[in-house]
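Q: sequence and predicted structure, then a few things I'm wondering about:
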Amino acid sequence: MVVTYLPQPNTKGLMNPGTSGIKSPLFSQGLPTGIIHGDFHLGNALVDLATQERLVAICDFEEAGENVYIVDLAVTVMGVCSYDENIMDVALIREVIQGYKTLRPLSTQENTYFPDALEYAAHAWIQWFLANGYETYARNHQKRLETVMLAFR
């Protein structure tokens with residue numbers, strides 16, 4: 001099922017540049033936009049208990065809104081592709097991106113700006129974690145960002 005309409009769109013979602021206050025070239029490039037989840041991580045995925053290999057459902061659409069698609073891909077990568085709290089799994093990131101491309105191919109421009117999307121998503125989360133008293137999560141996201149940027153810059 002594809003969401004094509006939000007009856008109550010979240011215009012103040014964390015990944016919204018007006019909310020985050022983070023400057024990024026992503027939002028002035030004419031990159032494809034649409035409805036995004038905005039907060040996809042392993043805690044928002046329901047998996048088939050029998051096989052642990054099939055995604056059954058995605059939940060928690062509180063951050064859903066309209067935004068640049070690759071921001072949502074970056075949020076997902078930051079949320080699901082780590083070995084532990086600090087180290088990103090670059091091979092898994094590439095698999096997630098390839099899987100994403102089977103449903104929605106990325107343009108050359110989106111591929112070019114994907115590292116910027118990773119930085120934007122990570123900094124938006126880091127800022128939120130710090131503002132809400134989650135310093136450990138902020139440090140973990142900073143370390144994740146550092147490890148992933150080595151592979152994508």
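A: Received, thanks. Numbers count the residues shown, from 1 in each chain.

Q: and the residue of the chain most remote from its centre, what are its phi and psi?
A: Relative to the C-alpha centroid of the chain, counting by Cα atoms, centre = their mean, residue 50 is the outermost residue, at 27.2 Å. Listed backbone geometry of residue 50 is phi -70, psi -40, with angles given as degrees, to the nearest 10.

Q: show residues contacting the longest helix seen in the chain.
A: Residue-count comparison of every helix in the chain, with assignments taken from DSSP state H, identifies helix 108-131 as the longest. The contact list for helix 108-131 (Cβ atoms under 8 Å, 6 or more residues apart in numbering) reads 14-15, 20-22, 24-26, 29-32, 68-71, 73-75, 77-78, 97, 106, 135, 137-138, 141-142, 144-145, 148-149, 152-153. Quick note: C-beta positions are derived from backbone N, CA and C, even for glycine.

Q: rerun at 7 Å
A: Residues outside helix 108-131 that contact it (Cβ atoms under 7 Å, 6 or more residues apart in numbering) are 14-15, 20, 22, 24-26, 29, 31-32, 70-71, 73-75, 77-78, 137-138, 141-142, 144-145, 148-149, 152-153.
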